[in-house]
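Colleague: Would you be able to build a 3D model of this:
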Amino acid sequence: MRYTATPFKGWTHGKHVKRDTAYPLPADSDLEHAAFAPLALGDTTIATVVHRLQRAAKSNLPILLHGETGTGKELFARAIHAASARCNGPFVALNCASIPEGLIESELFGHRAGAFTGASTRGARGLIQQANGGTLFLDEIGDMPLAMQSRLLRVLAEKEVTPVGADTPIKTDFRIISATHRDLQERAARHAFREDLLFRLHGLAVTLPPLRTRTDIGELARRLLAAEQTVIGRRLTLEPCANRLIARLRWPGNVRQLRQVLTTAAWLSDAPGIRAIDIETALESGITDMMAGPANAGHDAPRHTVGNAAPEDARSLLLLSLRRNRWNVSSTAREFNTARTTIYRRMARFGIVQPNLLDS
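Modeller: As a prediction, the model looks like this:
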């Protein structure tokens, strides 16, 4: 029987260390297709990434995943593991940014009994040993302390690890996948990241596109919403106006933010389908305040086009901008690249009233 890592169940937030157990795949399942199918939904850039990773998964190449926060780097790492010859082994993940510098050494390399104050009396196997025969995923590798980078480099070069307080190295056999949202070459140039370690990690490097550039956002939203149906207890659909609004927002938190907003909208809505107003409510509910950024926030951030949008979309976009800018009409006008008088006319047409005028 063939096994692979725990199946994808969406975008979850767990502890900084994860070690998956195995589950059986159907005998006639195509391993690569089963691993990457949830990730390839029609976007050409993602399709190219998947094609490269499918080929690389069969090898033992170290893989470096680059992308903004929330683009799904761990999901892609799990897919690589699941499609590899190591799929029967463990998938062990460590978020290098979420663990204190003083603890990362013992977490990663393990320690002997009594090696330091507070150490376990029985010692502990580090994550590198736990990943033996499988895959070690180091998320946010760009935040790893320099001292730990040196030790990791030695492990990768010698294929052995020496626990804290031990004298004898232990042989290891694991595949390393790392991920970061930082520019490691720039950090290496500033001596904030070891260049020789970067060469070790850079067997194959791929960049995951931000959600705002993906053409499959509608299908992705439907998949994410469908995954919540069992928990919420009813069939969930997206109204066309909600689909259009989702496609127009920048989603600085990427897929992680999209799922969070959809989940919140589904719980708060009492309508048969999720509407644009439900998305607006979820964005301002306090679950997340990462709303669509200003039009000049990045080179790939398109200008808002309220004038050409459907009425329900135009009102949603205008309202979001006004709230984000704390009802500063001048700032909103700059965001839409139009005159203040135009914003006032649109507010009147859509029945949008500034809060300070409601009692007038």
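
Colleague: Do a quick rundown of the strands in this protein.
Modeller: Per DSSP state E, the chain carries strands over the ranges 3-4, 17-19, 23-24, 63-66, 91-95, 110-111, 124-125, 135-139, 160-161, 170-171, 175-180, 204-207.

Colleague: Quick one, which of those strands gets closest to A348.
Modeller: Smallest distance to A348 across the strands of the chain (C-beta to C-beta): 44.4 Å, for strand 204-207. No exception for glycine: its C-beta is placed from N, CA and C like everyone else's.

Colleague: Does T332 touch R323 like I think?
Modeller: No. Checked against C-beta atoms under 8 Å, the pair T332 and R323 is beyond contact range at 9.6 Å.

Colleague: now the strands of the chain as a markdown table including distance to P272?
Modeller: What follows is those, written out as a markdown table (distance: least, C-beta to C-beta, whole Å):
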| stretch | distance to P272 |
| --- | --- |
| strand 3-4 | 37 |
| strand 17-19 | 37 |
| strand 23-24 | 35 |
| strand 63-66 | 39 |
| strand 91-95 | 39 |
| strand 110-111 | 54 |
| strand 124-125 | 52 |
| strand 135-139 | 39 |
| strand 160-161 | 56 |
| strand 170-171 | 59 |
| strand 175-180 | 39 |
| strand 204-207 | 39 |
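
Colleague: related to what we said a few turns ago, more neighbours, T332 and R323?
Modeller: In terms of neighbours (other C-beta atoms under 10 Å), T332 is the more surrounded of T332 and R323; the figures are 26 against 15.

Colleague: how about that one, what does it touch?
Modeller: Counting by C-beta atoms under 8 Å, 6 or more residues apart in numbering, T332 touches 318, 321-322, 325, 343.

Colleague: quick check: domain ranges of the chain?
Modeller: 3-207, 211-292, 294-360 (automatic domain parsing).

Colleague: Quick one: mean pLDDT over the last one.
Modeller: Read that as domain 294-360. The pLDDT scores in domain 294-360 average 70.

Colleague: Let me have the strands of the chain in JSON lines, extended by mean pLDDT and distance to I246.
Modeller: Output for those, formatted as JSON lines (pLDDT from 0 to 100; distance: least, C-beta to C-beta, whole Å):
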{"stretch": "strand 3-4", "mean pLDDT": "33", "distance to I246": "31"}
{"stretch": "strand 17-19", "mean pLDDT": "50", "distance to I246": "29"}
{"stretch": "strand 23-24", "mean pLDDT": "38", "distance to I246": "32"}
{"stretch": "strand 63-66", "mean pLDDT": "98", "distance to I246": "25"}
{"stretch": "strand 91-95", "mean pLDDT": "94", "distance to I246": "28"}
{"stretch": "strand 110-111", "mean pLDDT": "75", "distance to I246": "45"}
{"stretch": "strand 124-125", "mean pLDDT": "81", "distance to I246": "44"}
{"stretch": "strand 135-139", "mean pLDDT": "96", "distance to I246": "27"}
{"stretch": "strand 160-161", "mean pLDDT": "89", "distance to I246": "45"}
{"stretch": "strand 170-171", "mean pLDDT": "90", "distance to I246": "49"}
{"stretch": "strand 175-180", "mean pLDDT": "97", "distance to I246": "25"}
{"stretch": "strand 204-207", "mean pLDDT": "96", "distance to I246": "23"}
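
Colleague: Let's have those in TSV, adding mean neighbour count and distance to T338.
Modeller: Listed next are those as TSV, based on neighbours: other C-beta atoms under 10 Å; distance: least, C-beta to C-beta, whole Å:
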stretch	mean neighbour count	distance to T338
strand 3-4	18	52
strand 17-19	16	48
strand 23-24	10	54
strand 63-66	23	36
strand 91-95	24	43
strand 110-111	22	61
strand 124-125	16	61
strand 135-139	25	42
strand 160-161	19	60
strand 170-171	13	65
strand 175-180	26	39
strand 204-207	16	34
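
Colleague: how far does stretch 255-275 sit from the chain's center?
Modeller: 18 Å (C-alpha atoms, centre = their mean, to the nearest Å).

Colleague: and what of stretch 248-266?
Modeller: 12 Å.

Colleague: distance of S178 from N95?
Modeller: 11 Å (C-beta to C-beta, to the nearest Å).

Colleague: Find residues that contact each of those two.
Modeller: Shared contacts of S178 and N95 (C-beta under 8 Å, 6+ apart): D139.

Colleague: Low-confidence bits of this protein, can you list those?
Modeller: 1-33, 111, 113-123, 285-313, 358-360 (pLDDT under 70).

Colleague: all helices for the stretch 251-360 of the chain, in order.
Modeller: Using DSSP state H, counting those that start in this stretch, the helices of the stretch 251-360 of the chain run over 254-268, 276-283, 311-324, 329-335, 340-350.

Colleague: buried ones in the fourth one?
Modeller: This means helix 329-335. Within helix 329-335, the residues that count as buried by 16 or more other C-beta atoms under 10 Å are 329, 331-335.

Colleague: What residues does the spatially most central residue of the chain make contact with?
Modeller: For the chain, the residue sitting closest to the mean C-alpha position, by C-alpha atoms, centre = their mean, is G70 at 2.4 Å. By C-beta under 8 Å, 6+ apart, G70 lies in contact with 11, 211, 253-257.

Colleague: neighbour-wise, which of these leads?
Modeller: Busiest of the contacts of G70 [other C-beta under 10 Å] is L211, holding 26 neighbours.

Colleague: Make sure it is actually in contact with T69.
Modeller: No. Applying C-beta under 8 Å, one finds L211 not in contact with T69, separated by 11.0 Å.

Colleague: which neighbours do these two share?
Modeller: With C-beta under 8 Å, 6+ apart as the test, L211 and T69 both reach N254.
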